[in-house]
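Q: predicted coordinates and the sequence they were generated for:
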There are 2 protein chains.
Amino acid sequence: MKDVAARAGVGLKTVSRVVNGEPGVTPDTERRVQEAIDSLGFRRNDSARVLRKGRTASVGLVLEDLADPFYGPLSRAVEEAARSHGALLINGSSAEDPDRERELALALCARRVDGLIVIPAGSDHRYLEPEIRAGVATVFVDRPAGGIRADAVLSDSFGGAREGVAHLIAHGHRRIGFVGDRPHIHTATERLRGYRAAMEEAGLPVDEAWVALGPTDPGHVRSAVTGMLSGPTPVTALFAGNNRVTVTAVRLLAERPAPVALVGFDDIELADLLGITVVAQDAAALGRTAAERLFRRLDGAEEPPARIVLTPTLIPRGSGEIPPA
Amino acid sequence: MKDVAARAGVGLKTVSRVVNGEPGVTPDTERRVQEAIDSLGFRRNDSARVLRKGRTASVGLVLEDLADPFYGPLSRAVEEAARSHGALLINGSSAEDPDRERELALALCARRVDGLIVIPAGSDHRYLEPEIRAGVATVFVDRPAGGIRADAVLSDSFGGAREGVAHLIAHGHRRIGFVGDRPHIHTATERLRGYRAAMEEAGLPVDEAWVALGPTDPGHVRSAVTGMLSGPTPVTALFAGNNRVTVTAVRLLAERPAPVALVGFDDIELADLLGITVVAQDAAALGRTAAERLFRRLDGAEEPPARIVLTPTLIPRGSGEIPPA
């Protein structure tokens, strides 16, 4: 702004007025300031960027799956935070494809977002290093970054799963199945680790036939759950690793004559009416916390990258309190 | 492309190879073609834009509410269509604010999207005329454009609501309530029109105390439904104008001793297990159809703007087949 003021031959306050569209500037002065901004060109520094763009700042959000209802409240919270900071939010989705995540994140940077919130699909984010060095504030949410140091806002997947499985054990279950997302996904392996910890803490052995990590489409989940419920040592309870698994498990269990206990990670709309016990993440709080961190960085906060972990909440509603058959 | 070929002194096929990243071009020729592209500069024509940007084409999607699960499958379908056309999808949400819709749509245009799919919050889209003239293909979905001629892909809100209300009448109901979204929303008034048509066709009077249009947050819906269920002529059945209304109505009706019939517009996850009768829109088909229309326009189709209307499907599951108390 100082350079612009010097080049236009005006005071800092006048530059500020022009940039913020405030009254009290003659058309001629406004033109001189704009010309100074234009001739000084693009510089990767937030105020200069807003100057050059001459419009609201913007932040980008790289989602993982547009159709997963978990990300709705998260995105909405990021959007509300962006709005309260006068910024525009632009989203895109990687659809769980690391190449797509990279393409999208870089495309948003090329479109000059001031900051980026990423729900990572991949595990190597070194491709973002040049952008971060160039001044793009970056915060990861739901899953941590890989290969770089960056802020991350996560739920305690390990602790939440351990608590949910311990809840089933407390209700008398000894043979408990775990159905989770694919093993390259951080939250999936963390939740599996929580399952194993709870079983071990209770002195219960884990039959590997009770553990399934894989795609969470209905076909795969049905086949995994059906396998665990048959055979010589069928499970009497299930821990569902995310809301996609829970929805299919609830449907499948509703078709069976004998009740099977169920605790799911993530809350689901209308789960209260269906009596589904869940370990609920606060998706809106994840989004809000990530956005607050991002805007603090955009406001110039120079703190080292941190990992902020939110604690999920066990909500007993009936399905997790069914005793073993 | 002809200009580029002429300036670079190569054939059209060679330009095409460079642009599409195909093999068989020497580095020197590639450099000449790139220089020709750069010196010819930006022109608002799809192939030229892709040429100049030297990267994947992109399309923008202006959503209405990131937290409404109806838009998840719609966005996902647009994204899949974009990907199959080699384009990147960038979203944003208006959060039901016409000013925000305008700001976002123009911001996406400023970031040089090739096309725009808009779920409108506002009813005046003349602000998009300069962009459309400049070559940005634009398709509206879920709700029509206002003030301009443009493609629109809609569900038959009128016909769907009429069928749902006729279904309740066929099950013996004479006093039926309608709870819908705010009256400036096209789908809300179309569905109300469908309700009135079904009542009139059955020769049934409508008590205006049975009709509520307004915000669809739980508080407003609870108060509207509670009003209709009390008083001298309480309703025996409800038609819920969208999924936000249905979710609250289902919760409220579950708390009451006497059963009240319910049909909701829009399907809801797990509505099958809860036995909720719905008039289901195919959200994915809306998104896919809009995207196909957009990409046909980007491929140069010169058809007049059209309105494409998809028919929703009544799915009886129990709640809509309850007889009057």
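A: Looks like it arrived, so ask away.
Q: all the helices of the stretch 151-300 of chain A, residue numbers only.
A: For the stretch 151-300 of chain A, the helices defined by DSSP state H, counting those that start in this stretch occupy A:157-170, A:186-201, A:218-229, A:243-254, A:271-274, A:283-298.
Q: quick one: the ones you listed as a markdown table, columns for distance to residue B:204, mean pLDDT and mean neighbour count too.
A: Every C-beta, even on glycine, is put in place using the N, C-alpha and C of the backbone. Below are the helices of the stretch 151-300 of chain A laid out as a markdown table (distance: least, C-beta to C-beta, whole Å; pLDDT from 0 to 100; neighbours: other C-beta atoms under 10 Å in any protein chain shown):
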| stretch | distance to residue B:204 | mean pLDDT | mean neighbour count |
| --- | --- | --- | --- |
| helix A:157-170 | 50 | 98 | 22 |
| helix A:186-201 | 53 | 97 | 20 |
| helix A:218-229 | 41 | 97 | 17 |
| helix A:243-254 | 37 | 96 | 21 |
| helix A:271-274 | 31 | 94 | 17 |
| helix A:283-298 | 42 | 95 | 22 |
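Q: next, format those as a markdown table and append distance to residue A:71.
A: Putting the helices of the stretch 151-300 of chain A into a markdown table (distance: least, C-beta to C-beta, whole Å) gives the following:
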| stretch | distance to residue A:71 |
| --- | --- |
| helix A:157-170 | 16 |
| helix A:186-201 | 13 |
| helix A:218-229 | 19 |
| helix A:243-254 | 10 |
| helix A:271-274 | 17 |
| helix A:283-298 | 7 |
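Q: out of these, nearest to residue A:313?
A: Smallest distance to residue A:313 across those (C-beta to C-beta): 8.3 Å, for helix A:157-170.
Q: pretty sure residue A:285 sits against residue A:76.
A: No: using C-beta atoms under 8 Å, residue A:285 makes no contact with residue A:76, being 11.9 Å away.
Q: sorry, back to before: redo the helices of the stretch 151-300 of chain A as TSV? Include distance to chain B.
A: Compiled in TSV, the helices of the stretch 151-300 of chain A are given as follows (distance: least, C-beta to the nearest C-beta, whole Å):
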stretch	distance to chain B
helix A:157-170	20
helix A:186-201	19
helix A:218-229	12
helix A:243-254	6
helix A:271-274	6
helix A:283-298	9
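Q: now for the residue most central in space within chain A: which residues touch it?
A: Taking C-alpha atoms, centre = their mean, the centroid of chain A lies closest to residue A:142, which sits 3.3 Å from it. By C-beta atoms under 8 Å, 6 or more residues apart in numbering or on different chains, residue A:142 lies in contact with A:64, A:74, A:119-120, A:153-155, A:187, A:286.
Q: now residue A:290
A: Counting by C-beta under 8 Å, 6+ apart, residue A:290 has contacts A:78, A:117, A:139-141, A:151, A:153.
Q: poorly predicted segments of chain A, please.
A: A:20-21, A:41-56 (pLDDT under 70).
Q: which parts of it sit against chain B?
A: When proximity is defined as C-beta under 8 Å from any C-beta of the partner chain, chain A approaches chain B at A:55-56, A:58, A:65-69, A:72-73, A:75-76, A:79-80, A:83, A:88-93, A:95, A:100, A:103-104, A:107-108, A:110-111, A:247, A:250-251, A:254, A:268-274.
Q: now the buried members of the residues you listed.
A: Among the residues of chain A next to chain B, those buried by neighbour count (16 or more other C-beta atoms under 10 Å in any protein chain shown) are A:58, A:65-69, A:72-73, A:75-76, A:79-80, A:83, A:88-93, A:95, A:100, A:103-104, A:107-108, A:111, A:247, A:250, A:268, A:270-271, A:273.
Q: what is the burial count for the nearest residue to residue A:227 once chain neighbours are set aside?
A: In space, and not counting its chain neighbours, residue A:227 is closest to residue A:209: 7.0 Å by C-beta to C-beta, 6 or more residues apart in numbering or on different chains. Neighbourhood size, residue A:209 [other C-beta atoms under 10 Å in any protein chain shown]: 16.
Q: residue A:209 and chain B, how far apart?
A: Noted for residue A:209: a distance of 27 Å to chain B, by C-beta to the nearest C-beta, to the nearest Å.
Q: for that residue, give me its contacts.
A: A:227-228, A:231, A:233.
Q: before we move on, back to that, show me the buried ones among the residues of chain A next to chain B that map onto helices.
A: Among those, DSSP state H puts A:72-73, A:75-76, A:79-80, A:83, A:100, A:103-104, A:107-108, A:247, A:250, A:271, A:273 in helices.
Q: so how far is residue B:252 from residue A:239?
A: Residue A:239 is 32 Å from residue B:252, where distance means C-beta to C-beta, to the nearest Å.
Q: leaving out chain neighbours, which residue sits closest to residue A:143?
A: Leaving aside its sequence neighbours, residue A:143 sits nearest to residue A:186 (C-beta to C-beta, 6+ apart; 4.5 Å).
Q: ok so, going back, out of the contacts of residue A:290, name the ones that lie in strands.
A: Among the contacts of residue A:290, the members falling in strands (DSSP state E) are A:117, A:139-141, A:151, A:153.
Q: just put those in TSV and tack on neighbour count.
A: Formatted as TSV, these follow (neighbours: other C-beta atoms under 10 Å in any protein chain shown):
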residue	neighbour count
A:117	30
A:139	27
A:140	26
A:141	30
A:151	24
A:153	26
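Q: which of the contacts of residue A:142 sits closest to residue B:304?
A: So of those, ranked by how close each gets to residue B:304 (C-beta to C-beta), first place is residue A:64, at 39.0 Å.
Q: what's the closest non-adjacent residue to the closest one?
A: Closest to residue A:64 by C-beta to C-beta, 6+ apart is residue A:119, at 4.5 Å.
Q: quick one: contacts for that neighbour?
A: The contact partners of residue A:119, taken as C-beta under 8 Å, 6+ apart, are A:61-64, A:71, A:74, A:94, A:140-143.
Q: next, the nearest residue to residue A:69 once chain neighbours are set aside: phi, psi?
A: Leaving aside its chain neighbours, residue A:69 sits nearest to residue B:69 (5.0 Å; criterion: C-beta to C-beta, 6+ apart). Taking degrees, to the nearest 10, you get phi -60, psi -20 for the backbone angles of residue B:69.
Q: which helices and strands does the helix or strand where residue A:6 lies pack with?
A: Under the criterion of DSSP states H and E, residue A:6 resides in helix A:2-8. Helix A:2-8 is packed against helix A:12-19, helix A:27-40, with contacts defined by 3 or more C-beta pairs under 8 Å, 6 or more residues apart in numbering or on different chains; DSSP states H and E.
Q: got the buried residues for it?
A: Buried-residue list, helix A:2-8, by 16+ other C-beta under 10 Å: A:4-5, A:7-8.
Q: residue A:308 - nearest residue in space that isn't next to it in sequence?
A: Nearest non-adjacent residue to residue A:308 (C-beta to C-beta, 6+ apart): residue A:153, at 4.7 Å.
Q: beta partners for the one you found?
A: residue A:141, residue A:308 (DSSP bridges).
Q: contacts only, for it.
A: Applying C-beta under 8 Å, 6+ apart to residue A:153 gives the contacts A:139-142, A:286, A:289-290, A:293, A:307-308, A:310.
Q: mind giving me JSON lines with these and columns for distance to residue A:299?
A: Output for the contacts of residue A:153, formatted as JSON lines (distance: C-beta to C-beta, whole Å):
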{"residue": "A:139", "distance to residue A:299": "13"}
{"residue": "A:140", "distance to residue A:299": "19"}
{"residue": "A:141", "distance to residue A:299": "19"}
{"residue": "A:142", "distance to residue A:299": "24"}
{"residue": "A:286", "distance to residue A:299": "21"}
{"residue": "A:289", "distance to residue A:299": "16"}
{"residue": "A:290", "distance to residue A:299": "15"}
{"residue": "A:293", "distance to residue A:299": "11"}
{"residue": "A:307", "distance to residue A:299": "21"}
{"residue": "A:308", "distance to residue A:299": "17"}
{"residue": "A:310", "distance to residue A:299": "22"}
